[in-house]
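Undergrad: What shape does this take:
(one chain, ligands or ions: 1)
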Amino acid sequence: MKKIAVVTGATRGIGLAISQKLSQDGFFIVGISRADNQEANDSWVNSLSNDCRLFKCDVTSLLAVEEMIAKISELEGSVHLLVNNAGITSDSFFHKMSLESWRSVIDTNLNSLFYITQPIYKIMKENGGGKIINISSVNGQKGQAGQVNYSSSKAGVHGFTMALAQEGARSNILVNTISPGYTNTEMMKNIRVDILQGIKDNIPLGRLAEPKEIANVASFLASDCCSYITGANIPVNGGLFIG
Ligand code: CAA
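TA: Residues are numbered from 1 along each chain as shown. Coordinates of the predicted model:
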């Protein structure tokens with residue numbers, strides 16, 4: 001029986017590294033991507049070690065998510081794992097932040113968790129268990145000037161984890177958060193060079209995280225070695241925030 005892992009925001013950055021690592025671990029990866037870039041999609045499929053499928057889906061659209069869940073239900077195998085990774089930034093100081101910027105970040109980073117997790121959680125309950133990993137951020141833990149929208153959404157992600165972990169435990173569904181620090185992905189290209197340098201100077205380990213370093217933690221949480229951790233928030237931030 002195939003063990004299916006659903007990964008959102010799968011084709012780039014942390015989502016790509018998680019897809020690759022979990023594929024090496026033997027999961028059948030169902031990647032979810034908003035982008036319609038054939039080249040990127042082909043390269044995602046080719047970079048995985050196992051059978052996989054990539055579905056195009058805008059996670060902010062309930063209708064699109066429902067269609068995608070119907071396709072997953074038709075696959076052979078059962079959904080063991082969901083990784084809610086899709087996320088965006090839209091940084092500006094709060095006094096200049098547009099309502100659109102607020103809404104798009106909350107929709108993508110937080111409301112999508114409701115749309116995607118609820119149907120998969122129900123499937124996991126029927127199957128007798130499963131695991132959910134939500135990707136938050138160090139900036140959901142410590143807050144970040146210029147990111148009132150993003151910090152709110154990412155703090156909300158861990159609230160979601162803590163509450164659902166309590167509900168899911170009796171159905172053998174473990175729910176955890178990973179909070180990456182600043183990670184070497186395309187998201188960093190949106191930060192002005194001088195500001196990024198200042199951020200790096202403040203990281204005790206003196207460098208950005210590599211996506212693989214986040215994926216290794218996801219791999220552990222997804223593995224059978226991890227059977228008694230639920231509701232936790234695992235920081236992977238090079239010491240930037242020690243709470
Ligand atoms: N608090 C208050 N005021 C501040 C400030 C702070 N922390 N930092 C700067 N300011 C002031 C500046 O001194 C400046 O004042 P003056 O005009 O009086 O000189 C003013 O605010 C404007 O500063 P900027 O030039 O930085 O403003 P901007 O509008 O060009 O840029 C910004 C604003 C886009 C938010 C920019 O500061 C920025 O990119 N900051 C970094 C935000 C950040 O860390 N984003 C993380 C993205 S990666 C990610 O999110 C992944 C993850 O999970 C970690």
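Undergrad: From now on I want contacts and neighbour counts done on CA atoms only, so please keep to that.
TA: Will do.
Undergrad: Find the centremost residue of this structure, please.
TA: Among the residues of the chain, the one closest to the centroid is N85, at 1.6 Å (C-alpha atoms, centre = their mean).
Undergrad: gap between it and the ligand?
TA: 11 Å (C-alpha to the nearest ligand atom, to the nearest Å).
Undergrad: residues in contact with G143?
TA: Taking C-alpha atoms under 8 Å, 6 or more residues apart in numbering, we find G143 in contact with S151.
Undergrad: neighbours around S47, how many?
TA: Using other C-alpha atoms under 10 Å, S47 has 14 other residues around it.
Undergrad: Next up, phi/psi of it, please.
TA: phi -90, psi -10 (degrees, to the nearest 10).
Undergrad: quick one: contacts for it?
TA: By C-alpha under 8 Å, 6+ apart, the contact set of S47 is Q20.
Undergrad: Am I right that V83 sits in a helix?
TA: No - counting by DSSP: H, G, I helix; E, B strand; the rest coil, V83 falls outside a helix, being strand.
Undergrad: That one bridge partners, please.
TA: In this entry, V83 is beta-bridged to V7, I133, by DSSP bridges.
Undergrad: Thought I132 was touching it, still the case?
TA: Yes - contact status for V83 versus I132: in contact at 6.0 Å, counting by C-alpha atoms under 8 Å.
Undergrad: and the residue in the chain that the ligand sits nearest to, helix, strand or coil?
TA: Closest to the ligand within the chain is G146: 3.6 Å, counting by C-alpha to the nearest ligand atom. Assigned by three-state DSSP, the conformation of G146 is coil.
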